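Q: Can you look at this prediction? I've put the sequence above it.
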Amino acid sequence: MLEIEAFADAAATPISGVVAKSLITHADSRGDLTEIYRKSWSIGSNTPVQWNVVHSAANVMRGVHLHLKHEDILTVLQGEMLLGLSDLRPSSPTHGTGAIVRMPADSPAMIAIPVGVAHGFYFPVPSIHIYGVDFDFDRTDELGCRWNEPGLGIDWPADDPILSERDTDAGSLAQLLDVAGLSE
Ligand SMILES: Cc1cn([C@H]2C[C@H](O)[C@@H](COP(=O)(O)OP(=O)(O)O[C@H]3O[C@H](C)C(=O)[C@H](O)[C@H]3O)O2)c(=O)[nH]c1=O
């Protein structure tokens, strides 16, 4: 399991294009303020056009999903996310690499998930995250496979997570690669 700092350097990130920026929280006697996004930070390739906020109970798994059109940039506001990643892009220098990065809300960071990088979110505790996308929601760009497909290279610390019907019914990685046109 990797810490977010491993993804800070675009030139040396474990998965090409997955880059994260640690965020600074300004606390005072009233509470605190954290900048979560500046276009000038160049997190992601494009400017988000839609933002979502998501509440998850403990032991929830969202994914594994893949997009061919839109990228996600995300940050965790409360609790902790274990972000599973798998590079499915045949032309990528890190093709075939899987990783899990721990994203606790008390070490805030914004991370970009490029097109072609499969991803899943596991929440060991009740959590809240937000994420921005550079295309409006489009169900035709919501691909995915079973969360625990061995070929993803994601060593989830979960046995029997809570899944949506969509994720329960998801197919194999081979089927996903075929549908996505990413089979070699
Ligand atoms: C993403 C989205 C969803 N919805 C509706 C569709 C469903 O009725 C409900 C839950 O959607 P879904 O089950 O797709 O949510 P997650 O399982 O958290 O998946 C989402 O987060 C993962 C990890 C992703 O990467 C996907 O892009 C995204 O679908 O919200 C909307 O109305 N607008 C939206 O932009």
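A: Yes, it's here. Residues are numbered from 1 along each chain as shown.

Q: Thought Ile111 was touching Ile20, still the case?
A: Just so we're on the same page, residue 20 is Ala rather than Ile. Yes: contact criterion C-beta atoms under 8 Å: Ala20 and Ile111 qualify, at 3.9 Å. To be clear about C-beta, it is placed using only N, CA and C from the backbone, and glycine gets the same treatment.

Q: State the distance from Arg166 to the ligand.
A: Distance of Arg166 to the ligand, given as C-beta to the nearest ligand atom, to the nearest Å: 5 Å.

Q: do the same with His70
A: As for His70, its distance to the ligand is 8 Å (criterion: C-beta to the nearest ligand atom).

Q: for that residue, what are its contacts?
A: His70 makes contact with 115, 133-135, 138, 141, according to C-beta atoms under 8 Å, 6 or more residues apart in numbering.

Q: List phi and psi for the nearest residue in space to it that is not next to it in sequence.
A: With C-beta to C-beta, 6 or more residues apart in numbering as the criterion, His70 has its nearest non-adjacent residue at 4.1 Å, and that residue is Phe135. Main-chain dihedrals, Phe135, degrees, to the nearest 10: phi -140, psi 150.

Q: returning to what we had before: intersection of neighbour lists for Ala20 and Ile111?
A: 4, 7, 43, 101.

Q: my read: the second one touches Ser16, true?
A: No: taking contacts as C-beta under 8 Å, Phe7 lies outside contact range of Ser16: 10.8 Å.

Q: okay, those two: which has more neighbours?
A: Phe7 (24 against 19; other C-beta atoms under 10 Å).
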